[in-house]
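In: Fold the following and give me the result.
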Amino acid sequence: MIAIVDYGAGNLTSVARAVSFVGYTAKVTRDPAEIAGADRIIFPGVGAAGSAMTGMEERGIDGAMKQAFEAGTPMLGICVGCQIIMDRSQENDAQCLGLIPGEVQAFPEKMDSGDGYLKVPHMGWNGLEVVQDHPLFQGIKADDEFYFVHSYFPVPKDDKAVFGRTDYGVTFASAVGRDNLFATQFHLEKSGEPGLLILKNFCVWKPC
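Out: Have a look, this model is predicted:
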């Protein structure tokens, strides 16, 4: 079973539809036992890191996620799901899952693009520089673009955890991973064919 984790951060139906579109079936669940026992786990999310972590802790999902990670279950984070895997977030000063060492930082309040100040949140289509190969990037082209909506981004302590970078006033990690865990700051379910391809690659990924 592919479990889509419901921890109160929304955006679940569109992710489930995207999984179905690429030929697989997923179940939206908030049951810690189902999550811990799933064959694969997707944890999307929109909103704030603090409320996301509170929702996970209230439901016992945080422990199930850590258990699944230690068991080697393939896991995929999307947007806020790319942030709560770090140790902590500047947003709400939230303590997060700590699956990848590092923190989540905010975009600077003012970023000069040379043609004027860039708006925060970073919203819309942007590119991806692949800095490390990964099975989930199979078939992704250098000119592919992805859809972002965020004001914060992950900053892993070790560059080995960074697989893709994107520039928006600052260059930030937009795809991170460790062992059986991979996460994107951009929304796979809103990123057209390239996003669906990464999602499909996840559905057959067998971490070493």
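In: just for this protein, where's the confidence low?
Out: Residues of the chain that meet the criterion pLDDT under 70 lie in 114.
In: most remote residue from it's center?
Out: Ranked by distance from the centre of the chain (CA atoms, centre = their mean), the top residue is D115, with 30.1 Å.
In: Relative to G169, how far out is it?
Out: Using CB to CB, to the nearest Å, D115 is found at 12 Å from G169. (Glycine included, C-beta is placed from N, CA and C.)
In: Show me what the top strand by length along the chain is in contact with.
Out: For the chain, the strand that runs over the most residues, judged by DSSP state E, is strand 170-178. Strand 170-178 has contacts (CB atoms under 8 Å, 6 or more residues apart in numbering) with 82, 85, 99-100, 107-108, 111, 128, 130, 134, 137, 146, 148, 153-156, 161-166, 182-186.
In: now swap in stretch 2-17 and tell me
Out: 19, 24-30, 34-35, 38-47, 51-52, 55-56, 59, 61, 65, 78-81, 187-190, 203.
In: if we can go back for a sec, direction included, what does the helix or strand just after the longest strand of the chain pair up with?
Out: Scanning forward in sequence from strand 170-178 by DSSP states H and E, the next helix or strand is strand 181-184. Strand pairing for strand 181-184, determined by DSSP bridges: strand 75-78 (parallel), strand 170-178 (antiparallel).
In: what's the most buried one of those strands?
Out: The highest average neighbour count among the strands paired with strand 181-184, using mean count of other CB atoms under 10 Å, belongs to strand 75-78 at a mean of 28.
In: Need the CA coordinates for that one. CSV is fine.
Out: Extracted C-alpha coordinates of strand 75-78, given in CSV (Å, rounded to 0.1, in the frame of the first residue of the first chain):
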residue,chain,number,x,y,z
MET,A,75,9.3,7.9,1.7
LEU,A,76,8.6,11.0,-0.4
GLY,A,77,8.0,14.5,1.1
ILE,A,78,6.4,17.3,-0.9
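In: Can you report how many residues lie near F202?
Out: 22 (other CB atoms under 10 Å).
In: Confirm it sits in a helix?
Out: Yes - judged by DSSP: H, G, I helix; E, B strand; the rest coil, F202 forms part of a helix.
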